[in-house]
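Q: requesting a structural model of the entry that follows:
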Amino acid sequence: MPKRYIVLGMLAVVLLALSGCKPPAKEAGPQPVAVEVAKVARGDIQVTSTLTGRVEAETEVPVPAKLSARVVAVRVRVGGKVEAGQVLVELDKKDVAEQVRQAEANLKVAEASLPPASGESAAAAGARVALESAQADLKRIESLKEQGLASEQAWEQAKARAAGAAAQYQAVLDQERAAQARYEQAQAALELARSQLENATVTAPIAGVVASLPVEVGQTVGPGALVATIVNMERVKIEVNVPEKDVVHLKEGQAAEVRIASLKGKEFTGKLTSLAPAADAKTRSFLGEVTLENPGYVLKPGMFAEVRLATETRRGVVVVPQDAVILEGDKQVVYVVSDDKAHRREVKLGLGNDEVVEVLSGVKEGEDLVVTGQDYLEDGVPVTVEGRGEGK
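A: Prediction:
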């Protein structure tokens, strides 16, 4: 065998022997888990009830026609703003104008038959004087009759003259009262005719926006027919159905947050202005009404609205993020960090919402709570804190 092969073989044996004598390497320990923590702190927590509804005008006033006539002009348009008293629609005035003229003529005739405004008329005065004379004559004859100086026939005749004079006087008074009544009736007829003439011009009862205008020129409308609808858009309302579980926590006058999706999620603040005292028999919910200001009329009737009402609030309590809590069966667990290790804590929770939850026991204010990475932890696992956030 060549000498160089013998040398190589001996070298290999030596290397194997040396490697067998080397001590084994130590096993590596568990690697630290990267986490983010936040200080456990006190804060306020609020639970809200989220409800939905549609925007409506707070005030909606239908405007009816008050007489039968043909539409001769429409002065506004749907969606236009109007002031109180502004002309909306004009009706044909010919017939009612003629009624006014006739009523004025009738009033003049009735006025001519009126007795004097003060004192008595000549007819009434003459009838009264005749009555007083007849009554005096009757009294005189009655006295003579008692003395045997006047006959029964003379007394009967005097009594008849007195009764006739009284009837005549009463007739004059009745005629004058009738004349006064006719005058008052003529006055009322004229006022009605003038009112109808005014009704031929249909005006807005309130300031607002024209929501509907279901008439056109040439159309004949009757009393009670809808001519227009005016809505006051300075304030709007949203009706919501409040569940039974929430209604006991709400009260009229409390603030309401309103979100309008069609306005890119813009939020408004309103108030819960009414809450039904009894539930609807079918839905078992309670009707509530939220009202809010509408500057610039940006809120339109029919818009879909999301309304949030606070049902319960607690202040100055220990709160942690909902995401920091882990469910382990029927237990609720969080992890806190101390001495670079994670420590498992069972917690008792109180009031909670979608973001945070109240902790009644299990952690203390000021502890470092794991808020990111907690799903990869076990009790005692080493950790590396890579970030600190806010606890709520």
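Q: going forward, measure contacts between C-alpha atoms and count neighbours the same way
A: OK.
Q: check which helix or strand covers S143.
A: Taking DSSP states H and E as the criterion, S143 maps to helix 122-146.
Q: and the helix or strand that that helix is followed by, what does it pack against?
A: Counting by DSSP H and E, the element after helix 122-146 in chain order, helix or strand, is helix 152-199. Applying 3 or more Cα pairs under 8 Å, 6 or more residues apart in numbering; DSSP states H and E, we find helix 152-199 packed against helix 94-112, helix 122-146.
Q: lowest average pLDDT across those?
A: Lowest mean pLDDT within the helices and strands packed on helix 152-199: helix 122-146, at a mean of 89.
Q: quick one: buried residues of that helix?
A: Neighbour counts over helix 122-146 (16 or more other Cα atoms under 10 Å) mark 124, 127-128, 130-131, 134-135, 137-139, 141-142 as buried.
Q: circling back to that earlier point, wait, which of the helices and strands packed on helix 152-199 is closest to Q180?
A: helix 94-112 (7.9 Å; Cα to Cα).
Q: same for that closest one, what does it pack against?
A: Partner elements for helix 94-112 (3+ Cα pairs under 8 Å, 6+ apart): helix 152-199.
Q: between helix 122-146 and the helix it packs on, find me the angle.
A: 160 degrees (axes from the mean of the first three to the mean of the last three Cα atoms, to 10 degrees).
Q: the residue lying closest to E104 once chain neighbours are set aside: how many residues sit nearby?
A: Leaving aside its sequence neighbours, E104 sits nearest to L190 (Cα to Cα, 6 or more residues apart in numbering; 6.2 Å). Neighbours of L190 under the rule other Cα atoms under 10 Å: 21.
Q: tell me the helix or strand right after the longest strand anywhere in the chain.
A: In the chain, assigned by DSSP state E, the strand with the most residues is strand 41-64. Moving toward the C-terminus from strand 41-64, the next helix or strand (DSSP H and E) is strand 69-74.
Q: residues contacting that next one, please?
A: Under the contact criterion Cα atoms under 8 Å, 6 or more residues apart in numbering, strand 69-74 has outside partners 88-93, 200, 215-222.
Q: got any ranges where the stretch 151-300 of the chain has weak pLDDT?
A: Within the stretch 151-300 of the chain, no range satisfies pLDDT under 70.
Q: mind redoing it with 90?
A: Along the stretch 151-300 of the chain, the parts satisfying pLDDT under 90 run over 154, 158, 165, 169, 172-176, 178-180, 296-297.
Q: can you pull the pLDDT of G29?
A: On the pLDDT scale, G29 is placed at 64.
Q: okay, now the domains of the chain?
A: 33-45+315-389, 50-58+232-314, 97-194 (automatic domain parsing).
Q: for the last one, the distance to its chain's centre please.
A: Relative to the chain's own centre, domain 97-194 is displaced by 63 Å; criterion: Cα atoms, centre = their mean, to the nearest Å.
Q: what's the end-to-end length of it?
A: 8 Å (Cα to Cα, to the nearest Å).
Q: then the shortest one?
A: Distance between the two ends of domain 33-45+315-389: 17 Å, counting by Cα to Cα.
Q: and the residue nearest in space to the middle of the chain, bridged to which residues?
A: Geometric centre of the chain, nearest residue: K237, 3.6 Å, by Cα atoms, centre = their mean. With DSSP bridges as the criterion, K237 is bridged to E56, T291.
Q: from memory it sits against E289, does it?
A: Yes. Between K237 and E289 there is a contact at 6.5 Å, judged by Cα atoms under 8 Å.
Q: for G373, list the residues it contacts.
A: Contacts for G373 (Cα under 8 Å, 6+ apart) come out as 33-36.
Q: from Y335, how far out is it?
A: For G373 relative to Y335 (Cα to Cα), the value is 10 Å.
Q: ok, H343 next?
A: 5 Å.
Q: shared neighbours of those two, anything?
A: Contacts common to H343 and Y335, judged by Cα under 8 Å, 6+ apart, are absent.
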